[in-house]
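How does the following fold in three dimensions:
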Amino acid sequence: MPRLVMKFGGTSVANVDRIRNVARHVAREVAAGYDVAVIVSAMSGKTNELVDWVKDANALYDPREYDAVVASGELVTAGLLAIALQKDGIKARSWQGWQIPVVTSDAHGSARIAEIDPKNLEAGFAKGEVAVIAGFQGVHAETGRVTTLGRGGSDTSAVAVAAAIGAERCDIYTDVDGVYTTDPRIVPKARRMERVTFEEMLEMASLGAKVLQVRSVELAMVHRVPTTVRSSFDPPDAARPGTLICDEDDIVEQQIITGIAFSRDEAQITLRKVKDSPGVAAAIFGPLADANINVDMIIQTVSGDQSTTDMTFTVPASEYQRSRAILDEARTQIGYAQIEGATDVVKVSAIGVGMRSHAGVAAKAFRALAEKGINIRAITTSEIKFSVLIDAAYTELAVRTLHSLYGLDQA
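Have a look, this model is predicted:
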């Protein structure tokens, strides 16, 4: 029988009534002839509650015990869904990550999946059972300790299980009915896309779109797992198809720009009058890398006499103070005259595989933003996207301008 993975997030399983609704969605796919594996998150808000308990018990907690606590939220959901399915006459059993097993690294709190042995799940399918799997977790083979994959890790669990069992596709059920051209709360004319490529979705996820965890999209792209974003709040007997994330070859007609994303989690740092000599970039960015701080947009402006340079770059807003402290400490080695910063900035990005074959796409946007009086602080580009850093006050205007500019308002 064909196999299908279904993943349900926290809002979809927030209480027992919603878990019953999830059971009806699962029953629909079982009736359609699929062997089904369901990956579930903890009930909405439960993981945060568990994290708070850990920090209350000890602010300097053991990360291994942290994982043991926070992984328990998904176990409750998995057991409840299995019970709900059984009540509806469907064979089902719950699985913890270590029982499958989902083998991971030992980086507690942010482990990466090494392998999944599907034989136990396949034995369950042979008996006609739905596998209800606790997402977000695995086990380290050598220590036998429970590990967690980081926030949003249930998406990664779902795609990894789909790859391991050779699923026809992986359906990610959320509180939205698909991937939109931009945030509908900012642009009411934003449209749900029927299909989007793995590469575009990866860029959108990393640039601020919150629909899927970045690592899950990476896995889907590497293993070529067709992944659909759907709404669990649709009636189970009238569920809409959602948005399919697939290979570029599976999309017949591709727009130049597929979507507009934005991220408010940005901060800008500028180092003034840095000595322009070999190794200066390493002196600046090396300490930040050692502290696991991701640097994104980088602009270097050399002075007229070519003796000094200004270096501007962005870091996550949550890392702004820590970044400045690190750079202050390394001031002697770097040799800059002054450090400046801003946290009231936003990164706005346009994404589309069609950019590969069309010239002047970014220039068109720069002109349109200039006409609206929006100043661009920094620019980065890649093969299928460009991003601009602007003042936060102009976020909505910039997003709406670009959304209209590339015809994304049109049905």
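
what's the distance between the closest residue to Phe136 other than its chain neighbours and Ala42?
When the adjacent residues along the chain are set aside, Phe136 lies closest to Gly153, with 4.1 Å between them (CB to CB, 6 or more residues apart in numbering). C-beta: built from backbone N, CA, C; applies to glycine. For Gly153, the distance to Ala42 under the criterion CB to CB, to the nearest Å works out to 11 Å.

joint contacts of those two?
Common neighbours of Gly153 and Ala42, counting by CB atoms under 8 Å, 6 or more residues apart in numbering, are Phe136.

contacting residues around the residue nearest to Phe136?
Gly153 is in contact with 135-137, 213, 215, counting by CB under 8 Å, 6+ apart.

same thing with Val176?
If you count contacts by CB under 8 Å, 6+ apart, then Val176 has 211, 229, 231 around it.

looking at the residues you listed, which has the most residues close by?
Comparing the contacts of Val176 by number of neighbours (other CB atoms under 10 Å), Val229 comes first, having 24 neighbours.

For that one, name its beta-bridge partners.
According to DSSP bridges, the partner residues bridging Val229 are Ile172, Thr243.

from memory it sits against Val211, does it?
Yes - applying CB atoms under 8 Å as the test, Val229 and Val211 come out as touching, 5.7 Å apart.

any shared contact partners between the two?
Counting by CB under 8 Å, 6+ apart, the contacts common to Val229 and Val211 are 174, 176, 179.

Single out whichever of the contacts of Gly153 has the smallest pLDDT.
In this model, the minimum pLDDT among those belongs to Gln213 (82).

Could you check how far that residue is from Phe233?
Going from Gln213 to Phe233 by CB to CB gives 20 Å.

Who has more neighbours out of the two?
Remark: of Gln213 and Phe233, Gln213 carries more neighbours, 22 against 15, as counted by other CB under 10 Å.

Could you find the closest non-adjacent residue to that one?
Residue nearest to Gln213 in three dimensions, not counting chain neighbours: Gly152, with 3.6 Å by CB to CB, 6+ apart.

What of Arg169?
Counting by CB to CB, 6+ apart, the nearest residue to Arg169 once its immediate chain neighbours are dropped is Pro226, at 4.3 Å.

just the CA coordinates of the longest strand along the chain, formatted as PDB?
When every strand of the chain is counted residue by residue (DSSP state E), the longest turns out to be strand 259-275. Output for strand 259-275, consisting of C-alpha atoms alone and laid out as PDB, is shown next (Å, rounded to 0.1, in the frame of the first residue of the first chain):
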ATOM      1  CA  GLY A 259       6.800  35.500  -2.800                       C
ATOM      2  CA  ILE A 260       7.800  38.300  -0.600                       C
ATOM      3  CA  ALA A 261       9.200  37.500   2.900                       C
ATOM      4  CA  PHE A 262      10.300  39.800   5.700                       C
ATOM      5  CA  SER A 263      12.100  39.300   9.000                       C
ATOM      6  CA  ARG A 264      11.900  41.700  11.900                       C
ATOM      7  CA  ASP A 265      14.600  39.700  13.800                       C
ATOM      8  CA  GLU A 266      17.500  41.900  12.400                       C
ATOM      9  CA  ALA A 267      20.000  44.200  13.900                       C
ATOM     10  CA  GLN A 268      22.700  46.300  12.100                       C
ATOM     11  CA  ILE A 269      26.200  46.900  13.300                       C
ATOM     12  CA  THR A 270      28.700  49.200  11.600                       C
ATOM     13  CA  LEU A 271      32.400  49.400  12.500                       C
ATOM     14  CA  ARG A 272      34.000  52.700  11.400                       C
ATOM     15  CA  LYS A 273      37.500  53.300  10.200                       C
ATOM     16  CA  VAL A 274      38.800  49.800  10.300                       C
ATOM     17  CA  LYS A 275      42.300  49.400   9.000                       C
END
